Each structure stands twice: as structure tokens, then as C-alpha cells.
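1. need a 3D model of the following:
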Amino acid sequence: MRFHVLATALVLGLAAAGSAQAERLTDQPLVDAAWLNSQLGKPDLVIIDIRDTPKDGTAPYAAGHVPGAVEAQYGVYGWRAKIDGAPGLLPKLDDISAKIAALGVSDDTQVVIVPAGSDVAEFGGATRVYWTFKVLGHDNVTVLDGGYKAWADAGQPVSTDVVTPVAGSFTAKPRPELRAEVAEVEQAIASDTNLIDARSVAQFIGKEKTNTVQSLGTIPTAVNLNFDKFWDKDAGKFASKAAIDALVQQAGVTDTDGLITFCNTGHLASIAWFGLSEVAGLKGVRLYDGSMSQWTLDPARPVVVQN
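-> Numbers count the residues shown, from 1 in each chain. Below is the predicted model:
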């Protein structure tokens, strides 16, 4: 009897310990500088600095970063991959999982992503990396709202120490419901499901295109929600839920179930995905990471140009 009680207590204790270990530090998609400062030094926290080196060659991480942050520049670390001619796709599962583990991330790690915060397009690196964690089944992730600029402007501590991470144990648990591929986009067109084109108006109506896209225009049935509308320029931070709700209403999007966001390479579309799914809380929003670059590789796929 005594052995049974002890064994039961041991099992309950281990279960409680496991539960405590897996506890999230936050369930919010965005955190501010004060919150992050209050969490510094916690063993299950990994801060990922994704700032790219600008054209002048100044290394932003070396010049100063959030204490304890590891560096994984958005443009060069391998957060996206070119596959079958389409740039910007989610890398192969083993490749991206290994890169995440190399940053010290394990299954119970709280990840905080730190972009520069210079503008909304740059902030898109953070929303894309955030989506990557989510689509791999790691919900314990958030973004520093306003990026490193907000951190520095708030007078928070800065470090120049280079952090060499100890590899973690990261197991991907893919969530395909967060990602749209060509077949899902074709189904959306057939069912008149709202596709959200997050590019500029000029690209949406077919007056301009980037060199990664083969033809002018957009995907049939798409509605334009320009990526820069998801940014509060005065505050230098992401738009509020109220602002995004108003944006959706103004665009005439009435059926918000199962939206698919796209752009040219899945970068700007991640801003719209983040705003609609994570900030506004709309259900079933998916990101088409192949976007127009992949869609227009096949000339048989339809595009529409507005006169």
C-alpha cells in the first residue's frame, strides 16, 4: 500500500514537473520591450535576432543587441528556400528543423523574434519566421513589437557579447492547415473563397511586377489588403486588432473563414497572415508561401489584370 502511494506521488510529481516545464511565458503574438526585459535570463527563453546586415555593411548584431539574443539573419540564415524554381518557400522539414535546433530551441522553448523594426516590410521577416514556427507546430513563439528600435528607444539594456547557442532538441509537428499550396489556391478560386493579395495596389491591378514574377496581374477572386496597412507608422509598431478589423471591413471582405494570403514570395503575405490570424483572431487563415512567384511559373494558371 505504501509503495502504491509513493509510486502514485512520483507519477503525479513527474507530470507536474513536465507541465511546469512546458508552461508558456506568454500566449500573445506580440510583446513589448518591458515584458521582454522582465524575462531575460530565464532558462527556457531563446531570443532570435533576425536583423539583416544593411547595404553599408554595418553588422547590427555586433553593434548591439538584446542581452542573450542569438543571431540568425532573416536573409541569409535559411529561413526560406528556393524549390523547383520558386523562391521564398518553406524549407524542407529536416533542414529547417536542424537550423531551429542549432539556435538552442527545444520543444518547450519560449521563442522571441527580434527584427530591426525600421518599417513594416522589414518587420515582415519577423512575421514570416513566426509563421514558420507555427506551421512547424511550435506555438511558443512571439515577436518583439516595434523590433530592436523599440527596445533601444525604451532605454533597455544592450549587449555586444556574441552568444554561441547550445543546440536544442526540436521536433517539428507540421500543421498543414496553416499553409496553402497550389491545389488549395485552385480550390479557393473555384469556391470563390477570399484570396488576400498583400502587395501594393500597382502590383495588384497589374501595372507593376517584381522580377520574381513571370506575368502582371493577380490571382482570380483576390482582394487587395496592402501590407503597409498592417503597420501603425506613428507608433512604429504593428497595427491593433481594431485597426485590422476596420481594414477588413473597408476591403469588403465579408466571409473571413479560411482566407489565404499571398504576395510575390510569401514575405509580405506573412504580414497580412499575422495580422488577420494572430492579431485579429480570424479562423483558418493560411499563407500561400509560393505566392505569385510560384503561381506564374505555370502559364496555364490564370491571372487577372484590371484596366
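2. which residues does the residue lying closest to Gly147 once chain neighbours are set aside contact?
-> In this structure, Gly147 finds its nearest non-sequential neighbour in Gly117, 2.3 Å apart by Cβ to Cβ, 6 or more residues apart in numbering. Placement of C-beta: from N, CA and C, glycine included. Shown in contact with Gly117 (Cβ atoms under 8 Å, 6 or more residues apart in numbering): Phe123, Leu144, Gly146, Gly147, Tyr148, Lys149, Ala150, Gly236, Lys237.
3. cutoff 10 Å now
-> Contact analysis of Gly117 by Cβ atoms under 10 Å, 6 or more residues apart in numbering lists 51, 123, 126, 143-153, 236-238.
4. show me those that map onto strands.
-> Val143, Leu144, Lys237, Phe238 (DSSP state E).
5. Ser293 belongs to a strand, doesn't it?
-> No: when classified by DSSP: H, G, I helix; E, B strand; the rest coil, Ser293 is found to be helix rather than part of a strand.
6. so, low pLDDT: which residues of this structure?
-> For the chain, applying pLDDT under 70 flags the ranges 1-23.
7. next, count neighbours for the closest residue to Arg179 other than its chain neighbours.
-> Distance criterion Cβ to Cβ, 6+ apart; nearest residue to Arg179, sequence neighbours excluded, is Val135 at 5.4 Å. Neighbour count of Val135, defined by other Cβ atoms under 10 Å: 21.
8. how close does Val135 get to Glu122?
-> Spatial separation of Val135 from Glu122 under the definition Cβ to Cβ, to the nearest Å is 21 Å.
9. Ile196 too?
-> 21 Å.
10. so between these two, which is more surrounded?
-> Between Ile196 and Glu122, counted using other Cβ under 10 Å, Ile196 has the larger neighbour count: 26 against 18.
11. tell me the contacts of that one?
-> By Cβ under 10 Å, 6+ apart, the residues touching Ile196 are 222-225, 248, 251, 253, 256, 259-263, 269, 272-273, 275-276, 285-288.
12. perfect, that will be all.
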